[in-house]
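Engineer: what follows is a predicted protein model with its sequence.
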Amino acid sequence: MARSFPARIWREIKASRTVAGGLAITTFVLLAVVVGPSFSPYSPTKMDFTALLQPPSAAHWFGTNSNGIDVLTRVLYGARISLFISFFGVTMGALAGVLIGMTSAYMGKWVDAIAMRMVDLVFAFPIFVLALMLMLILGFGVQSVIIAIALVYIPNFARMARNTTMSIKAEPYIQAAQLMGQSRLRIMVREILPNIAAPLFVQFTVGLAFGIVIEAGLSFLGLGVQPPTPSLGVMMADGKDYFHRGPWVLTLSGLALTIAILGLNLLGDGLRDMLDPRLRRRSAG
């Protein structure tokens, strides 16, 4: 009996150490930030001046910061906010970028030329420099960081969607849909998008990791999430001011950031290898 599609996917995931490791780490991080704060007896913002800069102990596994706040609790809440910002920012960028890229490739001619020149113009700026410029224009805060991440990632998804659409738009099933009189929007949504979804999903997974880095970097510089709201970047910026007296604040916050990025990068790289038939044949050979 032929294996079902979910069974085949699960078998391939178990066969790939990279995907399995990335999925395990990412699942652990998601469970920690979603469920973990509910079990913490401490507040992420309430100060306790009787417990200033206490090192890691049984009462405070990650120690406390200069305001007596439990660091583990702030890490859990901060990671949740960082993931939230990255997810919505990359999602918005993916939706807009895929729409631009697919439309550009399918319409062709002057539409493709204008859209890709605009994408190339944005590509000329380094990602973090572009994010800094956007924050100076948009102002500080969570919403501004989400919009900045979205605008930064639109060109990435637009370019990928355009290239993959160009590679399949001459396929017989696309031409058959055109002959049947289907609208351009229907063809792009029903015929093209499902066939280019795999590389876009890989790009989305990797983009989540870099979205967290962008959020952390902007918040570290004081341009993103503003205290007392916790985020990994805010906590690292706070911990650097008294690193010699309480190194655990910066160190453990940075470790949490590293673990989250590592899991998403491993997952994205593994999915890319698993879904790209050329890489699979190369590894098999």
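Structural biologist: Now that the structure is in, tell me what you want to look at.

Engineer: okay but V145 is in contact with A216, surely?
Structural biologist: No: using C-beta atoms under 8 Å, V145 is not in contact with A216; the gap is 10.2 Å. The way it works is simple: take the backbone N, C-alpha and C, and place the C-beta from them, glycine included.

Engineer: quickly find the element holding the spatially most central residue of the chain.
Structural biologist: Nearest to the mean C-alpha position of the chain, counting by C-alpha atoms, centre = their mean, stands L208 at 0.7 Å. For L208, the element it lies in under DSSP states H and E is helix 193-220.

Engineer: quick one: name whatever helix or strand follows that helix.
Structural biologist: Sequence-wise, the next helix or strand downstream of helix 193-220 (DSSP H and E) is helix 232-240.

Engineer: same for the helix or strand just after that next one, what does it pack against?
Structural biologist: Where DSSP H and E defines the elements, the next helix or strand beyond helix 232-240 is helix 247-275. For helix 247-275, the packing partners by 3 or more C-beta pairs under 8 Å, 6 or more residues apart in numbering; DSSP states H and E come out as helix 17-39, helix 71-107, helix 193-220, helix 232-240, helix 277-284.

Engineer: and the closest residue to L23 other than its chain neighbours, how far is that from A79?
Structural biologist: Spatial nearest neighbour of L23, chain neighbours left out: L267 (5.7 Å); criterion: C-beta to C-beta, 6 or more residues apart in numbering. Distance, L267 to A79, by C-beta to C-beta, to the nearest Å: 16 Å.

Engineer: same check on A94?
Structural biologist: From A94 to A79 the distance is 21 Å (C-beta to C-beta).

Engineer: compare these two (neighbour count), which wins?
Structural biologist: A79 (26 against 23; other C-beta atoms under 10 Å).

Engineer: show me what contacts the residue nearest to the more buried one when sequence neighbours are not counted?
Structural biologist: Leaving aside its sequence neighbours, A79 sits nearest to V33 (C-beta to C-beta, 6+ apart; 4.6 Å). For V33, the contacting residues are 76-77, 79-80, 83, by C-beta atoms under 8 Å, 6 or more residues apart in numbering.

Engineer: what do you get if the cut-off is 10 Å, keeping everything else the same?
Structural biologist: Counting by C-beta atoms under 10 Å, 6 or more residues apart in numbering, V33 makes contact with 75-84, 256, 260.

Engineer: and T64, its phi and psi?
Structural biologist: Backbone torsions of T64, given as degrees, to the nearest 10, read phi -130, psi 160.

Engineer: what about the residue nearest to it when sequence neighbours are not counted, how many residues nearby?
Structural biologist: In space, and not counting its chain neighbours, T64 is closest to Q54: 4.5 Å by C-beta to C-beta, 6+ apart. Neighbour count of Q54, defined by other C-beta under 10 Å: 18.

Engineer: helix, strand, or coil at Q54?
Structural biologist: coil (DSSP: H, G, I helix; E, B strand; the rest coil).

Engineer: check the gap between it and A32 for me.
Structural biologist: 22 Å.

Engineer: next one, pLDDT for the residue lying closest to G36 once chain neighbours are set aside please.
Structural biologist: Closest residue to G36 apart from its sequence neighbours, by C-beta to C-beta, 6+ apart: L76 at 4.4 Å. pLDDT for L76: 94.

Engineer: my read: L76 touches S253, true?
Structural biologist: No: L76 is not in contact with S253 according to C-beta atoms under 10 Å; the separation is 11.2 Å.

Engineer: for the residue nearest to T64, report the pLDDT, please.
Structural biologist: Confidence score, pLDDT, at Q54: 93.
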